[in-house]
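# how would this look folded up:
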Amino acid sequence: MESKLDDLSSYLKQEEIEKTTPITRLQREMNLALNLSKNLDFTGSFVYSPVTIILGIYPFFKLANPRIQQKMVDFFIKNGTDENAKEYFIDLLSVFKATRPAIEMLKPYAPNATEIDEYCHRYGRHGLELSVIEDFLKMDISFLELQTESEDSHSLINSFDYDPFYGWFINWFHTKEKKFYTSPEESRDLEFMCLNGYKHNYSENEQFRMVEIKIKTFTSLYVFLPKEQFKLKEIMKNMEDTKQFYQLMNSSKQTYISIAIPKFKISSELNLESFMESMEIDQRLTNIVSENCFGSEKGNVSRTHKAHFEFTDKKYKDKDEDYIGFPELGVPFERSPLAIVSRFSKENLLKEFVADHSFVFVLEKDLHVVYFGCYN
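The predicted structure follows:
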């Protein structure tokens, strides 16, 4: 009886902590992607870029009246101010446009250790050049493109071509053909990227197993694999938010694990009309943005988000701005003391994570959600 009361007390305390703990930006961005996917049936693949979608809102934010501006602030930040919103937009801008690590921005002999290079500004973990910030605030960088489909039909396309795998040290992986199951009756042969017996952050709950693959020092791919093979559609339809994904990401522990994930490519288009309308971004404001960003006001402009994501072993050359180092994998399982224990105990202490059925993935950079998607 006493044990049950202790359990109840712990549960109530945890519930109170969760109620009073503010939702982080990372979780809010995952929630945005989940809500935008609610009209899907989750039998197909999709990918969205929450960071890109929010950055594309900035011109609307800048040109809106104060009431609608506050509605946008409340949507993305909750109880924030215009300055909080501007800081958030620039923080997101640094995810794509930063060119220097923040530590390199410190003046070498400055009396104040926090003094920053006058040509850069520190946002999060990186340095963003002031000229880039100024161009963004002037809407010279807008994450929007105006496309003319016909004389009476135009579309504002929100997209950004970002590849997290430039310079990725992929020699850790080998490839192997395996079956990927889409239903109890259907499967297809795919080439899987396999990484055997190294330590990765791993966690699980009643519904999902999660593994984190570090791509760069501040960039990770999280894969959420349902424990029941064909339950993803049902789970996602019933999810109100991404709290359990966030908890899995934050409760993970270093674990020796063999990973197999299929190579895949996904391209998606998403109509943003209902999303824009939820913030009262109407056709009039859209026309104002078109005129200010592209120099011409169009009568009827639709709003669309496009995203493309690839997980592949294709070799890329380093880009000039690719300054972030590669993570170290450490000692493989076979050479670890745990392997000796495993042999003596005859217990397999090396976990396996084979993504051979539908899964959710999140590409996180600098504590922001660059991509959120589902592969089926």
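# Now do the strands in the stretch 251-376 of the chain.
Listed in chain order, the strands of the stretch 251-376 of the chain (DSSP state E, counting those that start in this stretch) span 253-262, 264-271, 301-311, 351-354, 359-365, 368-375.
# in which helix or strand would I find K214?
Element membership of K214 [criterion: DSSP states H and E] is strand 208-216.
# can you pull the buried residues of the strand or helix carrying Y88?
Using DSSP H and E, Y88 sits in helix 82-97. Residues 85-86, 88-97 are the ones in helix 82-97 that count as buried (16 or more other Cβ atoms under 10 Å). All C-beta atoms are positioned from the backbone trio N, CA, C, and that covers glycine.
# And for stretch 138-147?
Result for stretch 138-147 [16+ other Cβ under 10 Å]: buried residues 139, 141-144, 146.
# what do you get for stretch 236-253?
Here stretch 236-253 shows 236, 239, 242, 244-246, 248-249, 252 as buried, counting by 16+ other Cβ under 10 Å.
# shaky segments in the stretch 101-250 of the chain?
Counting by pLDDT under 70, the stretch 101-250 of the chain has low-confidence residues at 101-125, 150-152, 166-172.
# in it, which spans are strands?
Here the stretch 101-250 of the chain has its strands, by DSSP E, counting those that start in this stretch, at 120-123, 126-129, 144-150, 153-158, 174-181, 187-204, 208-216, 219-226.
# between those, which gets nearest to L272?
Among those, strand 153-158 comes nearest to L272, with 6.9 Å by Cβ to Cβ.
# Show me the protein divided up by domain.
Segmentation of the chain into domains, based on automatic domain parsing, reads 50-161+268-309, 170-263+325-375.
# distance between the ends of the first one?
Its start and end residues considered, domain 50-161+268-309 measures 13 Å (Cα to Cα, to the nearest Å).
# Same question for stretch 202-214.
One end of stretch 202-214 to the other measures 12 Å (Cα to Cα).
# what's next to it, contact-wise?
195, 200-201, 220-228, 231, 235, 244-245, 247-249, 251-255, 257, 259, 261, 327, 351, 353 (Cβ atoms under 8 Å, 6 or more residues apart in numbering).
# Emit the ChimeraX select command for whichever of those are buried.
Selection of buried members from these for ChimeraX, criterion 16+ other Cβ under 10 Å:
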select :195,200,201,220,221,222,223,224,225,226,235,244,245,248,249,252,255,257,259,261,327,351,353
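# Distance check, D41 against K237.
Between D41 and K237 the computed distance is 8 Å (Cβ to Cβ, to the nearest Å).
# Give me the phi and psi for Y162.
With angles defined as degrees, to the nearest 10, Y162 sits at phi -120, psi 130.
# from what I can see it touches V370, true?
Yes. Using Cβ atoms under 8 Å, Y162 makes contact with V370 at a distance of 6.4 Å.
# Determine which member of the two has the greater number of neighbouring residues.
Neighbours were counted for Y162 and for V370 using other Cβ atoms under 10 Å; V370 has more, 24 against 18.
# Not counting sequence-adjacent ones, nearest residue to the more buried one?
What sits nearest to V370 in space, not counting adjacent residues and going by Cβ to Cβ, 6 or more residues apart in numbering, is L363, at 4.7 Å.
# List the contacts of the one you found.
L363 is in contact with 164, 215, 219-222, 309, 369-372, counting by Cβ under 8 Å, 6+ apart.
# 7 Å - rerun?
164, 221, 370-371 (Cβ atoms under 7 Å, 6 or more residues apart in numbering).
# Please report the distance of it from V354.
Counting by Cβ to Cβ, the gap from L363 to V354 is 20 Å.
# Could you do L63 as well?
Applying Cβ to Cβ to L63 and V354 gives a distance of 49 Å.
# Same question for M236.
Going from M236 to V354 by Cβ to Cβ gives 21 Å.
# per-residue confidence for K19?
Looking at K19, its pLDDT is 46.
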